[in-house]
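Asker: Requesting a structural model of the entry that follows:
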Amino acid sequence: MEFAEELGFLKEQVLFGEKIYAGKRFRNVAVAGMGGSGIVGKIFSEIYTEKPVTLIDGYNMPAHLSNDTLFIAVSYSGNTEETIKAAKRAVQKGCRVVTISSGGALEEYGDQKIRIPRSDLQPRSAIGYMLMPFMNGFGLVDSAGIREAHRVIGSLDRNNQECFTHAKRISRNKKIPVVYGAYPLSSVAYRWKTQFNENAKVLSYCSSFPELNHNDTMALAETYRKDEFYIMVFDSDRKEIKERIAITSRLTQTKFNFIEVEGKSLAARLFYMIHYGDYLSYHLGKMRGVNPTDVSLIEELKKAL
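Answerer: Next comes the predicted model:
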């Protein structure tokens, strides 16, 4: 399947009605996942604030997980080594385990098994299938938000010329893409970074306001080879963030390329920005003459391990 076709499936994914049955008895949440599957945990941990959330993206298992933990294991294929091992240990610790996958060995460990209806996509192209059970189950979206998300995704499918323009500027000048976000889209800035990595096969960097003002500010002003970076900043509707962005640009004498966030609801703004980054990185990959779906080195690494 051509990657552009995969991008066109996202608007249908936000209609995925499965949900995590969280209940009220858990004291904390843990989410395990890697790569294109793991990004959903990062997004969820940013927008869900009612109870503590621990992210597991490796082999280590936090000691505090117990039968009071709702453990959610996400692997599109269902065969991700690190996630399967984490789910197995979660069962041993007495956690309530929910699995989200298109099948595979992971389902052996789920008290609740959410099956993704398609297994022919790149994991990063199935983000809607993997994220919507969180959004639905934890009350992070309503029907109006879903409709708006479906609409704004569709608008990008029909017209992503702005994404193409940014990609052309990056490609023409061989720039390194830098992405700056802010709550509740800091995790989406990270998603853009990983999409540049996989779709366009370029290194990228991301950070977020206001944290970056405690780290990046001096570097923005004084780094060498500054002209090699293409800095994109997500616009924000928060006054204090807008002020920080403007002052940072002025004090460091740095040009920011602003990305306007569309939508009123959290779901619409979230999925619009996810999809924007998908198209931008896809166009950049095509301009560079690389195949966005090629992950051969990653597969080779897995075999070597």
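
Asker: next one: phi and psi at the nearest residue to Trp192 once chain neighbours are set aside?
Answerer: Of all residues not flanking Trp192 in the chain, Gly277 sits nearest, at 3.8 Å (C-beta to C-beta, 6 or more residues apart in numbering). C-beta: built from backbone N, CA, C; applies to glycine. Here is the backbone geometry of Gly277 (degrees, to the nearest 10): phi -70, psi -30.

Asker: what do you get for Ser119?
Answerer: Dihedral angles of Ser119 (phi, psi; degrees, to the nearest 10) stand at phi -120, psi 10.

Asker: Distance of it relative to Ser101?
Answerer: Spatial separation of Ser119 from Ser101 under the definition C-beta to C-beta, to the nearest Å is 9 Å.

Asker: before we move on, the earlier item: and the residue nearest to Trp192, how far from Arg238?
Answerer: With C-beta to C-beta as the criterion, Gly277 and Arg238 are 20 Å apart.

Asker: neighbour count winner among the two?
Answerer: Each of Gly277 and Arg238 has its neighbours counted (other C-beta atoms under 10 Å); Gly277 has more, 25 against 12.

Asker: Quick check: pLDDT value at the more buried one.
Answerer: pLDDT recorded at Gly277 is 98.

Asker: residue contacts, it?
Answerer: By C-beta atoms under 8 Å, 6 or more residues apart in numbering, the residues touching Gly277 are 179, 188, 191-192, 195.

Asker: mind running it again at 7 Å?
Answerer: By C-beta atoms under 7 Å, 6 or more residues apart in numbering, the residues touching Gly277 are 191-192, 195.

Asker: do the same with Asn136
Answerer: Contact analysis of Asn136 by C-beta under 7 Å, 6+ apart lists 17, 19.

Asker: try 10 Å this time
Answerer: By C-beta atoms under 10 Å, 6 or more residues apart in numbering, Asn136 lies in contact with 16-20, 142, 146.

Asker: State the number of residues packed around Val213.
Answerer: Careful, residue 213 is Asn; it's not Val. A count of nearby residues for Asn213, using other C-beta under 10 Å, gives 16.

Asker: hang on, the earlier thing: any chance of the contacts of Gly277 in a markdown table, plus distance to Ser296, neighbour count and pLDDT?
Answerer: Putting the contacts of Gly277 into a markdown table (distance: C-beta to C-beta, whole Å; neighbours: other C-beta atoms under 10 Å; pLDDT from 0 to 100) gives the following:
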| residue | distance to Ser296 | neighbour count | pLDDT |
| --- | --- | --- | --- |
| Arg191 | 22 | 27 | 98 |
| Trp192 | 23 | 27 | 98 |
| Gln195 | 18 | 26 | 97 |
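
Asker: how about Lys113, secondary structure?
Answerer: Secondary structure of Lys113, reduced to three states by DSSP: H, G, I helix; E, B strand; the rest coil: strand.

Asker: should've said Ala73
Answerer: Following three-state DSSP, the label given to Ala73 is strand.

Asker: Kindly give the local confidence score, pLDDT, for it.
Answerer: With respect to pLDDT, Ala73 has a value of 97.

Asker: so who does it touch?
Answerer: Ala73 neighbours (C-beta under 10 Å, 6+ apart): 30-33, 37, 41, 56, 80, 83-88, 90, 95, 97-101, 106-107, 109-110.

Asker: Only C-alpha atoms, please: export the helix or strand bottoming out on mean pLDDT in the chain in CSV.
Answerer: Within the chain, no helix or strand scores below helix 296-304, which has a mean of 78 by mean pLDDT, DSSP states H and E. The C-alpha coordinates for helix 296-304 follow below in CSV (Å, rounded to 0.1, in the frame of the first residue of the first chain):
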residue,chain,number,x,y,z
SER,A,296,14.4,-2.4,6.7
LEU,A,297,17.3,-1.4,9.1
ILE,A,298,14.9,-1.5,12.1
GLU,A,299,13.8,-5.0,11.0
GLU,A,300,17.4,-6.0,10.5
LEU,A,301,18.3,-4.8,14.0
LYS,A,302,15.4,-6.8,15.5
LYS,A,303,16.7,-10.0,13.7
ALA,A,304,20.2,-9.3,14.9
